[in-house]
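[1] Okay, sequence plus prediction incoming.
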Amino acid sequence: MTEELWDVVIVGGGPAGLTAGLYAARANLRSLLVEKLLPGGELLNTELIEDYPGFISTTGRELAEKMDEHARKFGLQIEQAAVEQIRREDGIFVLQTEDGAELRSRTVIMTAGGVPRKLEVPGEDEFAGRGVSYCAVCDGPLFRDKVVAVVGGGDSAFQEGIYLTRHASKVYIIHRRDEFRAQPILQDKARENPKIEFITSAAVDAIGGSQLVGWADVRSVRDGGLTRVPLDGVFVFIGFSPNSGLFEEHLEHDEQGFLFVSDRMETRVPGLYAAGDVRAQLARQITTAVGDATTAAIAAEHYLEDQAFQAERHRG
């Protein structure tokens, strides 16, 4: 791993990473994808997918396996390792892994994504995919005529809560403060929606049920009183933490850490690209990750072609 020089190393094996790997390998670039767990990323934690074009209904695991197989068919190599740091030395990227190994590459595509912030309460992990969700667009249709709760008070919580009223019969928005951080226009829309009810100055203490979510214990922040609220689902929108801090130099990002890139998925560092959930964008969906990664891989190919042309010109 230490002596080989790759054309492209892709960090992260979710939909964006596998798509970037597919396009890079098809372009006959020497391509390596590095994923600390199994290829598929958050797809492996998604039970049902009904919004990916061409698949009326599939599971996250099935889609991940198909993407993995497709990319490998064209020659993408995949290594299981955790990248801890990326630096640039003499125009070559050096990727340090958790076990001390180093990878060297002419370009890097960062598709390490991120993770939704969790409530860290009993039952949250147990019922993940069985009533606990972090994506209303992904899972909302599964809760038709059901009662659900949205936890959070920012724009995402309100946007997803309003969206959920298309499917659910009732949506609670639970927030630990009296005031919300969401834009006033979103708050107005939510207040005007008869399906939405607010529970403020309150926090979820536990989530429970039998096979699926059946209730949540909600504690008053004011007096500590506990109320068990019957629910079919709990949607958590208290933030998302991108895995954007791998590069040793400062990369431009927004206040939450999401990377700013050009329309070619370029960071300010030549040869370094970012795609999928790690970058600042409106929507974080499988489809947007795939589109980002396609652009990033093609941009990396063009960059390498330009570098080769300049090197040949210099020799001539």
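    Yep, it's here.

[2] Chain neighbours aside, what residue packs nearest to E252?
    F260 (4.4 Å; Cβ to Cβ, 6 or more residues apart in numbering). C-betas here are computed from N, CA, C, even on glycine.

[3] okay, now the one you found: neighbour count?
    Look at F260: counted by other Cβ atoms under 10 Å, it has 13 neighbours.

[4] gap between it and V204?
    33 Å (Cβ to Cβ, to the nearest Å).

[5] Do I have it right that L164 meets C138?
    No - in this structure L164 lies outside contact range of C138 using Cβ atoms under 8 Å: 11.5 Å.

[6] Looking at the two, which is more packed in?
    L164 (27 against 21).

[7] Contact partners for the more buried one?
    Contact analysis of L164 by Cβ atoms under 8 Å, 6 or more residues apart in numbering lists 136, 140, 143, 148, 150, 171, 235.

[8] Adding neighbour count, pLDDT and distance to R279, write those residues out as TSV.
    Formatted as TSV, the contacts of L164 follow (neighbours: other Cβ atoms under 10 Å; pLDDT from 0 to 100; distance: Cβ to Cβ, whole Å):
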residue	neighbour count	pLDDT	distance to R279
A136	26	87	21
G140	24	91	24
F143	22	97	29
V148	26	98	29
V150	29	98	25
V171	28	98	29
F235	27	97	23
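
[9] these two touch, right, the residue nearest to E252 and A280?
    Yes - using Cβ under 8 Å, F260 is in contact with A280, at 5.6 Å.

[10] So for the two, which residues contact both of them?
    Looking at what touches both F260 and A280 (by Cβ under 8 Å, 6+ apart), the common residues are 253-254.

[11] Would you format the contacts of L164 as a markdown table with secondary structure and distance to T200 included?
    Formatted as a markdown table, the contacts of L164 follow (DSSP: H, G, I helix; E, B strand; the rest coil; distance: Cβ to Cβ, whole Å):
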| residue | secondary structure | distance to T200 |
| --- | --- | --- |
| A136 | helix | 20 |
| G140 | helix | 23 |
| F143 | helix | 23 |
| V148 | strand | 17 |
| V150 | strand | 13 |
| V171 | strand | 14 |
| F235 | strand | 17 |
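
[12] which of those residues lies closest to A157?
    V150 (5.3 Å; Cβ to Cβ).

[13] Look up how far R166 lies from that closest one.
    Distance, V150 to R166, by Cβ to Cβ: 13 Å.

[14] Dump the helix or strand hosting F158 to CSV, keeping only the CA atoms.
    Using DSSP states H and E, F158 falls within helix 155-164. What follows is helix 155-164, C-alpha atoms only, in CSV (Å, rounded to 0.1, in the frame of the first residue of the first chain):
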residue,chain,number,x,y,z
ASP,A,155,-34.9,24.7,9.6
SER,A,156,-34.4,21.0,8.9
ALA,A,157,-36.8,20.0,11.7
PHE,A,158,-39.5,22.3,10.3
GLN,A,159,-39.0,21.5,6.7
GLU,A,160,-39.1,17.7,7.4
GLY,A,161,-42.0,18.1,9.8
ILE,A,162,-44.1,20.0,7.2
TYR,A,163,-43.1,17.3,4.6
LEU,A,164,-44.3,14.5,6.9
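
[15] from the chain's centre, how far out does that helix sit?
    Averaging C-alpha positions (Cα atoms, centre = their mean, to the nearest Å) puts helix 155-164 17 Å from its chain's average.

[16] Stretch 218-229 too?
    In terms of Cα atoms, centre = their mean, the centre of stretch 218-229 is set 32 Å apart from its chain centre.
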